[in-house]
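> Below is the structure, and that's it, no one-letter string:
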């Protein structure tokens, strides 16, 4: 939630001369996304998001992300496509960083989704997955089981510094996932991070799906497990909203029905999704000084979700 | 350069129901200003800046700032006026903070001003001062000599931790200012912080003067001394651009000519302006942990300007 690389208007104006987009008239650094720097810019023709990729984004993955969003945008999904420059390149350089000019989508993210929002996002997730079914490229999910194991080994007893008992909870859950993780569920390109802040709405209509920088090839049902984790709980994880979960499912299944195997695995996939966010947050928690002015996201909010899925194996 | 108070779109949409501005369709936290939180928002009718005042802005000063900008906007200056709500109040509450909805001005700030930019900003500063001449309210400049003395006493030997010799330089310069500071120059409402990032341009035309939260009643020539400090040097203070200084003066004097007394005092006022930024930066430098992800602005950049004005008493 910060602008890590400051760029002057002159730098941005020069960068734009590589594109057929008009002349710069406004540029504001915006607090969007957690790992890259973003500017909302306006030319005499249109508005755009300008993204500078910081060190946490692997440049080698950018073609996958951009070709996937181009593929989805072509199929009519409200996904921001990257704009090619005069040489047809979508990743160029600005202020020493790889940078892309991206279509601007209007809309607002909701913090307390209504059931109508949940139904809409469930449906759009299924549409996204179906539209990506013929996308020919693959990207391994780098934040899945092997990452959870190595991060747990790395954090080790530091987990108990965050909250006593956390290490035991995490180790047991990672072992459970490693042992029982399914191998043969329907899979393809998924968003893998479709939190409320990555969905833009106008009223109840989805106008934007953004931040595809965790997109990968994984189980469709795992994508939905991330949705349940991020939309069906209060953000601190203390409250589960069964009605939101129902609405997410209703929306999703209006487009694509889960198979019996997917339903059978859903509880485990949900625990895995809780672990994924618990562990990246715990890693950041340990490695971000408490004095830093970036908000550290509380890992315990996801430990609560993990415990909830452990206690409610039959839900959904 | 951060959003200190996070607000949800729902909070902002509810806040907007107090105003005749339409419905919220977009909201982005922006990295603008150094002491408040700012959102660029869009309704179905217009764009606005939404400012949440953080602890460094004294709420008691807000009426002065807003009435001054309203006064200047009425006279045609490109100054963002605060929007009154249905009860005619311009300061209301949002997410536990005093907050104002402010007119959005387009344009970009320049980092390397051309001579045309300098001439334009010199002229607009003089117009701003002349348009404020009949503004009936006063606000003491809280960042003038008595503040420099108390901050120097507070920082004390810590100044030498930033750079050996800095304490001696600062103490001597503060004493010099305290002894020789003029008392009878033309004065009135001034911006007092008209740095390049507070001026928006379309080409060479000034489209916006923003961030009036240091505005106060002080010498017109002191406002110009701040302009010389911030526009006529490279940002690190190692390089003085005589041609930019000439252009600033040419623009200013096309609107209002300095008196012989103002010219005589200009060198001292410039040293005072160097001190003002040197000291607030040194204070923040000492009080911001180096690990914090906000950029600490280098106080030495203004020590260099101070030394330059000490060595070049006859310039201008």
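Sure, I can see it. Treat the numbers as computed from the prediction; the structure is a model and nothing was measured.

> middle-most residue in chain A, spatially?
Closest to where the C-alpha atoms of chain A average out (C-alpha atoms, centre = their mean) is residue A:193, at 2.3 Å.

> Wait, that one touches residue A:226, no?
Yes - using C-beta atoms under 8 Å as the test, residue A:193 is close enough to residue A:226 to be in contact (6.7 Å). C-beta: built from backbone N, CA, C; applies to glycine.

> secondary structure class for residue A:148?
Classification of residue A:148 by DSSP: H, G, I helix; E, B strand; the rest coil places it in helix.

> Pull the contacting residues for it.
Listed by C-beta atoms under 8 Å, 6 or more residues apart in numbering or on different chains, the contact set of residue A:148 reads A:174, A:177, A:272, A:275-276, A:279.

> For the stretch 201-316 of chain A, just list every one of the strands.
A:205-209, A:216-219 (DSSP state E, counting those that start in this stretch).

> Tell me which of those is the most buried.
Most buried of the strands of the stretch 201-316 of chain A, by mean neighbour count (mean count of other C-beta atoms under 10 Å in any protein chain shown): strand A:216-219, with a mean of 22.

> for that strand, what is the average pLDDT?
Strand A:216-219 shows a mean pLDDT of 98.

> now do stretch A:246-253
Stretch A:246-253 comes out at a mean pLDDT of 98.

> quick one: contacts for the residue nearest to the residue nearest to the centre of chain A when sequence neighbours are not counted?
Distances taken as C-beta to C-beta, 6 or more residues apart in numbering or on different chains place residue A:214 nearest to residue A:193, at 4.1 Å, with adjacent residues excluded. Neighbour list for residue A:214: A:143, A:191-193 [criterion: C-beta under 8 Å, 6+ apart].

> what's the answer for residue A:53, then?
A:36, A:59, A:62, A:91, A:97-100.

> Among these, name the ones in strands.
When the contacts of residue A:53 are checked against strands (DSSP state E), the matches are A:97-100.

> Make a markdown table from the contacts of residue A:214 and add secondary structure, pLDDT and distance to residue B:182 to it.
Compiled in a markdown table, these are given as follows (DSSP: H, G, I helix; E, B strand; the rest coil; pLDDT from 0 to 100; distance: C-beta to C-beta, whole Å):
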| residue | secondary structure | pLDDT | distance to residue B:182 |
| --- | --- | --- | --- |
| A:143 | coil | 95 | 64 |
| A:191 | coil | 98 | 64 |
| A:192 | coil | 98 | 65 |
| A:193 | coil | 97 | 60 |
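
> what's the most distant pair in the residues you listed?
Distance extremes for the contacts of residue A:214: the farthest pair is A:143 and A:191 at 12.8 Å, using C-beta to C-beta.

> neighbour count winner among the two?
residue A:191 (27 against 19; other C-beta atoms under 10 Å in any protein chain shown).

> Please name the nearest non-neighbouring residue to the more buried one.
In space, residue A:191 is closest to residue A:215, 5.6 Å off (C-beta to C-beta, 6+ apart).

> you'd agree the one you found is up against residue A:198?
No - assessed by C-beta under 8 Å, residue A:215 is found out of contact with residue A:198, at 10.8 Å.

> What's the local residue count around residue A:261?
13.

> hmm, back to that, rebuild the ones in strands among the contacts of residue A:53 as TSV, extending it with pLDDT.
As requested, the ones in strands among the contacts of residue A:53 are exported to TSV (pLDDT from 0 to 100):
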residue	pLDDT
A:97	94
A:98	96
A:99	97
A:100	97
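
> what subset of those residues is also close to chain B?
With the criterion set as C-beta under 8 Å from any C-beta of the partner chain, no member of these is near chain B.

> rewinding a little: spell out for me the ChimeraX command that would select the buried members of the contacts of residue A:53.
Here is the ChimeraX command that picks out the buried ones among the contacts of residue A:53, judged by 16 or more other C-beta atoms under 10 Å in any protein chain shown:
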select /A:36,62,91,97,98,99,100
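
> residues contacting the residue nearest to residue A:191?
A:64-65, A:68, A:139, A:189-193.

> rerun at 10 Å
A:61, A:64-65, A:68-69, A:72, A:128, A:132, A:135, A:139, A:141, A:189-194, A:223 (C-beta atoms under 10 Å, 6 or more residues apart in numbering or on different chains).

> Then residue A:95?
A:5-8, A:11-12, A:15, A:37, A:52.

> Just the ones of these in helices?
A:11-12, A:15 (DSSP state H).

> okay if I get those as JSON lines plus pLDDT and neighbour count?
Listed next are the ones in helices among the contacts of residue A:95 as JSON lines, based on pLDDT from 0 to 100; neighbours: other C-beta atoms under 10 Å in any protein chain shown:
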{"residue": "A:11", "pLDDT": "96", "neighbour count": "18"}
{"residue": "A:12", "pLDDT": "97", "neighbour count": "19"}
{"residue": "A:15", "pLDDT": "97", "neighbour count": "20"}
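
> if we look at chain B, which of those residues are close to it?
A:11-12 (C-beta under 10 Å from any C-beta of the partner chain).

> Any chance of the ones in helices among the contacts of residue A:95 in a markdown table with distance to residue A:124 as columns?
Converted to a markdown table, the ones in helices among the contacts of residue A:95 look like this (distance: C-beta to C-beta, whole Å):
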| residue | distance to residue A:124 |
| --- | --- |
| A:11 | 35 |
| A:12 | 32 |
| A:15 | 32 |
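
> My guess is residue A:83 contacts residue A:99. True?
No - the criterion here is C-beta atoms under 10 Å, and residue A:83 misses it with residue A:99 at 11.4 Å.
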